[in-house]
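*Asks:* here's a sequence, model it:
(one chain, ligands or ions: 1)
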Amino acid sequence: MGKVIMPPGKKMAVSLGVDFDAQSIWLGGFNRPSPSFMSRGEFGAEVGATRLLALFKKHGITTSWFTPAHTVDTFPAICQKVFDAGHEIGHHGYYHENPTLINRETEKRLMDLAFKTYKNRFGIRPVGYRSPYWDYSESTLDLVEEAGFLYDSSLMGRDLTPYRVNRWQVNWESGNVAGPVSKVLEIPVSWYIDDFPALAYVGGAQEGLADTDTVFRRWRDVFDYGYENVPNAVYPMAVHPQIIGQAHHIMAYERLIEHMKSREGVWFATCQQIAEAWQDDEEDIRRMSLPDVRGVAPKPADYHWPT
Ligand SMILES: [Zn+2]
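*Replies:* Residues are numbered from 1 along each chain as shown. Next up is the predicted model:
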């Protein structure tokens, strides 16, 4: 597998990525368009994002903000501040749509609709894609490749290193078959270093509300493990302004940043910078030309999944 070529004097990259979902996560992610959920998204835009921008400024850090176009169109002023502060804007869908619930045509239409917003508001075409639902449809990788993205950041085939995205042919009564890896670089995500599952309360869906110190220790341990054990490691974190921006959470988050800054050779980078520093090895290049198998075999008819 290839590796990230670190800048001189650096041994580990840290991407403090932000998923700036605001109100969109409660639409496409949870189908909860009620005033209470809209107010939680509003908090993310009006309070959380401002606190995060101030924190990053204080520590001299630029990050990648995966921002659904719905957030840009709803809260243009704060999104402009993110852009003006030099942060990377990544593609994160339009209304935080779940790609497994839409067909290829709709997925492409929404991807293009979001591109239009990024172009109109900022004059840019993002080079990085993060699937809103951290999941792919059968078409997502094709669409990501066709759109010309440099990298994707939605999957979990590694934890502390980028990799070339695998296509898998999925079978049941014979082994799965690896297809060609993509030219799109995967900068993985992880639910363990994401604030949402542990800390966000969503009635009927997830408990959240975990003890902040416990979560902080987990984030720090993942960092320490990568720092000590993984050559050319990348720590790919994701936080949500409406969650991490809560007073007690942002205090823990700052402790994490201070811990990282206390270690020699830590490179705070955007996902784009990390992707641009990637170098394939011969194995990556060989796997790009494997036969193009794909598809998911139907569930065996005699296997009875409880309903
Ligand atoms: Zn999101």
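*Asks:* contacts, neighbours, all on C-alpha from now
*Replies:* Will do.
*Asks:* elements contacting the one helix or strand Asp221 maps to?
*Replies:* In the assignment (DSSP states H and E), Asp221 maps to helix 212-229. The elements that helix 212-229 packs onto, with contact taken as 3 or more C-alpha pairs under 8 Å, 6 or more residues apart in numbering; DSSP states H and E, are strand 233-239, helix 247-261.
*Asks:* mind saving the C-alpha coords of that helix as CSV?
*Replies:* Below are the C-alpha coordinates for helix 212-229, written out as CSV (Å, rounded to 0.1, in the frame of the first residue of the first chain):
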residue,chain,number,x,y,z
THR,A,212,-17.3,13.8,27.8
ASP,A,213,-14.2,12.6,29.5
THR,A,214,-14.7,9.0,28.4
VAL,A,215,-15.1,10.2,24.8
PHE,A,216,-12.1,12.5,25.1
ARG,A,217,-10.0,9.5,26.3
ARG,A,218,-11.1,7.4,23.4
TRP,A,219,-10.2,10.2,20.9
ARG,A,220,-6.8,10.7,22.6
ASP,A,221,-6.1,6.9,22.7
VAL,A,222,-6.7,6.5,19.0
PHE,A,223,-4.3,9.4,18.3
ASP,A,224,-1.7,8.0,20.7
TYR,A,225,-1.9,4.6,19.0
GLY,A,226,-1.4,6.0,15.6
TYR,A,227,1.4,8.3,16.7
GLU,A,228,3.3,5.4,18.3
ASN,A,229,2.6,2.5,16.0
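*Asks:* for it, buried residues please.
*Replies:* Buried residues in helix 212-229, counting neighbours by 16 or more other C-alpha atoms under 10 Å, are found at 212, 215-216, 219-220, 223-224, 226-227.
*Asks:* mind listing what the nearest residue to Glu88 once chain neighbours are set aside touches?
*Replies:* On the basis of C-alpha to C-alpha, 6 or more residues apart in numbering, the spatially nearest residue to Glu88 that is not a chain neighbour turns out to be Ser64, at 4.5 Å. If a contact means C-alpha atoms under 8 Å, 6 or more residues apart in numbering, then Ser64 has 15-18, 87-90, 270-272 as its contacts.
*Asks:* next, the angle helix 247-261 makes with the helix holding Asp221.
*Replies:* 20 degrees (axes from the mean of the first three to the mean of the last three C-alpha atoms, to 10 degrees).
*Asks:* run through the strands of the stretch 101-250 of the chain in chain order.
*Replies:* 128-129, 151-152, 163-164, 168-169, 177-178, 185-186, 233-239 (DSSP state E, counting those that start in this stretch).
*Asks:* parallel or antiparallel, which strands does the fourth one pair with?
*Replies:* It refers to strand 168-169. In its sheet, strand 168-169 lies beside strand 177-178 (antiparallel), with partners assigned from DSSP bridges.
*Asks:* outside of the partner strand, which residues touch it?
*Replies:* Identification of contacts with strand 177-178 by C-alpha under 8 Å, 6+ apart yields 166-171, 293.
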